[in-house]
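[1] this is a predicted model, with the sequence first.
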Amino acid sequence: MCVVTGSTGGIGLAVARELLAEGAHVVSSGRRSEGPGELHVAGDLTEEGEPERLVAAVEERFGRVDCLVNNVGGTGIRALEAVTDAQWQASFELNLMTAVRTTRAALEGMRARRSGSIVNVSSTAAKRPSSGMPDYSVMKAALLSYSRLVADLYARDGIRCNAVTPGPTATEAWLGAGGLAEQQGDRDEVLAKVGAGRPLGRLAEPQEIAAVVVFLASDRASYVTGAAWSADGGTVPIII
């Protein structure tokens, strides 16, 4: 049983659909009232008690959580010196603590069964901070550290934890009205510039990120844990 948070749009929706195509049982979660999963639990995971409610609903219905994909996140474009304390706190709750709390809620059952796979969707901005997304970059970097910590602590319980670091992806977050592209100027010009800044010369498609997430969640990655897999079109080079 796979739980995918933030799966009513964007990368999360692509992950849920890819898991379903692979034959997995999927529970979707998001602020919207409907989702692609066999069970959909609507809610805002930044609110107190909601991550625990999500996991409890899954365990009550299906008895277990085998796979957790923490995909909730988001940001806007702003300058570092303009980020207020309230915005730092909101980013902390959205981009880091949703994953921390949902993971914590799922770990008890995973440890009891001595089996589980967790994939955290971070960002290439975690490895190379984005000057236009300062708070997001810091929180996604913290998510990488958290992923490694969970991997180290619970490997002997049969639990794997990995992270994926996507680059800019062709979702509503970038393409939509008022989205990240329009916040930086002319939408088409910004998208062309952002795409040209990748060695592969374009934004990712959500399905391309989903393919990496699903691999890491699956038994095909049974010897992979504590990793941060780049899926960014070659944006952040490997340091040797």
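    Yep, that arrived. Numbers count the residues shown, from 1 in each chain.

[2] list the helices and strands the longest strand along the chain packs on?
    As assigned by DSSP state E, the longest strand anywhere in the chain is strand 159-166. Where contact means 3 or more C-beta pairs under 8 Å, 6 or more residues apart in numbering; DSSP states H and E, strand 159-166 is packed against helix 98-113, strand 116-121, helix 134-154, helix 206-217, strand 228-231. Backbone N, C-alpha and C define where each C-beta goes, glycine included.

[3] and with 6 Å instead?
    Packing contacts for strand 159-166, counted by 3 or more C-beta pairs under 6 Å, 6 or more residues apart in numbering; DSSP states H and E, involve strand 116-121, helix 134-154, helix 206-217, strand 228-231.

[4] out of these, nearest to Q184?
    For Q184, the closest of the helices and strands packed on strand 159-166 is helix 134-154, at 14.2 Å, according to C-beta to C-beta.

[5] quick one, the closest one and strand 159-166 angle?
    Counting by axes from the mean of the first three to the mean of the last three C-alpha atoms, to 10 degrees, helix 134-154 lies at 160 degrees to strand 159-166.

[6] packing partners of helix 134-154?
    helix 85-92, strand 159-166.

[7] try it again with 7 Å
    helix 85-92, helix 98-113, strand 116-121, strand 159-166 (3 or more C-beta pairs under 7 Å, 6 or more residues apart in numbering; DSSP states H and E).

[8] list the buried residues of the longest one.
    Spelled out, it's helix 98-113. Buried residues in helix 98-113, counted by 16 or more other C-beta atoms under 10 Å: T98, A99, V100, R101, T102, T103, A105, A106, L107, G109, M110.

[9] can I get the CA coordinates of it in CSV?
    Extracted in CSV, the C-alpha atoms of helix 98-113 (Å, rounded to 0.1, in the frame of the first residue of the first chain):
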residue,chain,number,x,y,z
THR,A,98,4.8,17.8,6.5
ALA,A,99,7.3,15.1,5.6
VAL,A,100,8.6,14.8,9.1
ARG,A,101,5.2,14.3,10.7
THR,A,102,3.8,12.0,8.1
THR,A,103,7.0,9.8,8.2
ARG,A,104,6.8,9.7,12.0
ALA,A,105,3.2,8.5,11.8
ALA,A,106,4.1,5.8,9.3
LEU,A,107,7.3,4.6,11.0
GLU,A,108,5.7,2.7,13.9
GLY,A,109,3.9,0.3,11.6
MET,A,110,6.8,-0.1,9.2
ARG,A,111,9.2,-0.9,12.1
ALA,A,112,6.7,-3.4,13.5
ARG,A,113,6.6,-5.2,10.1
